[in-house]
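> I would like to see how this sequence folds:
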Amino acid sequence: MTGSPLPPLKFKPVLLPKPWGGNALWKVLGKGEVGDKNMGESWELSDRDEASTVVKGGAFDGTSFSAILSGHSRELSGKLLSAFPLLYKFICAREKLSVQVHPGANSPLGEAKTECWYVVDAEPGAELIVGVAPQGRNREETLALLKSSRCEEVLRRWPARKGDVFFIPAGTVHAITEGLLLYEVQQNSDTTFRLYDWGRVDSQGKSRTLHLEEASEVADIEQREGYNIQSVQVNRESHTEDYLVACPYFALVKWHDFQSRASLVTRGKFRVLSVVVGSFKLMWDSGESMSLNLGDTVLIPASLESVQLESHSPDSEFILSWVPDMEDEIRVPLKQAGFEDVAIKALSGPVGIRL
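Model (predicted):
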């Protein structure tokens, strides 16, 4: 790797109003304005032409993430990239989102999108719709129901509580429902095919566009288990790590229960850190530091060998993510920590799906 180390980069989120949005983005995370009542998404780290996030503070203040990636790809990621591989969001749902699906790898219909959700906050009784249960119906019969007001007959609902993790492989029929605030990590894609939108119309009485043909082509209508991930926990001297999700596209590990200052080593790869509880002080070798508060997202560049983190309260938590080497960074260390292959494989979601 060449070039001087880049500093950690914190971003100003891009807030997007949605017909199903609510007020939890400012009420819980302090994003936007007090009067915002229909904010659905906060894009935290994005290399999309339609919404490239901008650096907040430091030497790159006001610079778009896309511009930094263009000029400092190797220092930022550890290798040359034409586009950043991941997209980070917080999602607030006051109402149900559409029943939808995303294409997978090598699909001619659009950019592949596998994603995962971490439940930041949930109202009592909140649920997520993930996957289907055909109950003996063939593909055509199942798809016909999914496109209609009878979709509930084949959709699967899962209880969603604070701290739960769900893995949504490309092709999975899904919908976020009301009363939820989620942290989402996904492949860098904005391709969504809607199957059903609950009869919703706008102020002019117009419904949103559906994509029935495309959705029917890419939808997985097999009944599967394993969407609701059971994390595995590893105790470190300074903190505890919960491995939440691990697949070829991304790994998520929650750091919590801090006993002392913790060191994060990049190993020549970018790391993204988002605070989901409390706050932290982030420090690095130049002697500089930054404060990270609830809802903040920061990118630790690959050229920065390590950073140190100090929690401001005993219950502070953040989620760390990156694109992993599944063998060297996931399977081997977890085997060494005493976990069996079945528990490690479960971090990649339902069996029988080719990612």
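> quick one: the strands in the stretch 251-355 of the chain?
With DSSP state E, counting those that start in this stretch applied, the stretch 251-355 of the chain shows strands at 251-256, 262-265, 271-277, 280-284, 289-292, 297-300, 306-311, 317-322, listed in chain order.
> how about the secondary structure of the residue nearest to Leu143 when sequence neighbours are not counted?
Counting by C-beta to C-beta, 6 or more residues apart in numbering, Ser216 is the residue found nearest to Leu143 once chain neighbours are left out, at 5.1 Å. C-betas here are computed from N, CA, C, even on glycine. Reducing the assignment at Ser216 to three states with DSSP: H, G, I helix; E, B strand; the rest coil gives helix.
> how many other residues sit next to Ser216?
With neighbours defined by other C-beta atoms under 10 Å, the count for Ser216 comes to 18.
> and Asp121, what are its phi and psi?
Note on Asp121: its backbone torsions stand at phi -150, psi 150 [degrees, to the nearest 10].
> does it touch Val28 like I think?
Yes - in this structure, Asp121 is within contact of Val28 by C-beta atoms under 8 Å, at 5.4 Å.
> when those two are compared, which one has more neighbours?
With neighbours defined as other C-beta under 10 Å, Asp121 and Val28 compare such that Asp121 has more, 19 against 15.
> for that one, give its distance to Gln186.
In this structure, Asp121 and Gln186 are 19 Å apart, going by C-beta to C-beta, to the nearest Å.
> state the helix or strand in which Asp61 lies.
When secondary structure is defined by DSSP states H and E, Asp61 falls outside every helix and strand.
> contact partners for it?
Val55 (C-beta atoms under 8 Å, 6 or more residues apart in numbering).
> please repeat the previous calculation with a cut-off of 10 Å.
Leu9, Lys10, Lys12, Val54, Val55 (C-beta atoms under 10 Å, 6 or more residues apart in numbering).
> likewise for Arg150?
If a contact means C-beta under 10 Å, 6+ apart, then Arg150 has Ala144, Tyr196 as its contacts.
> how close does it get to Pro134?
In terms of C-beta to C-beta, Arg150 sits 13 Å off from Pro134.
> run the chain-centre distance for the strand or helix carrying Gln186.
Using DSSP H and E, Gln186 maps to strand 180-187. When distances are taken as C-alpha atoms, centre = their mean, to the nearest Å, strand 180-187 is centred 4 Å away from the chain's centroid.
> dump it to PDB, keeping only the CA atoms.
In PDB, the C-alpha atoms belonging to strand 180-187 read as follows (Å, rounded to 0.1, in the frame of the first residue of the first chain):
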ATOM      1  CA  LEU A 180     -39.100  -0.100  13.700                       C
ATOM      2  CA  LEU A 181     -35.800   1.700  13.500                       C
ATOM      3  CA  LEU A 182     -33.200  -0.400  11.700                       C
ATOM      4  CA  TYR A 183     -29.500  -0.200  10.800                       C
ATOM      5  CA  GLU A 184     -28.900  -1.600   7.400                       C
ATOM      6  CA  VAL A 185     -25.700  -2.700   5.700                       C
ATOM      7  CA  GLN A 186     -26.100  -3.800   2.100                       C
ATOM      8  CA  GLN A 187     -24.300  -4.200  -1.200                       C
END
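> beyond that strand, next helix or strand please.
By DSSP H and E, the next helix or strand past strand 180-187 is strand 193-196.
> would you map the strands across the stretch 51-200 of the chain?
Assigned by DSSP E, counting those that start in this stretch, the strands in the stretch 51-200 of the chain fall at 51-52, 54-55, 86-93, 99-101, 115-122, 127-132, 155-159, 165-168, 174-176, 180-187, 193-196.
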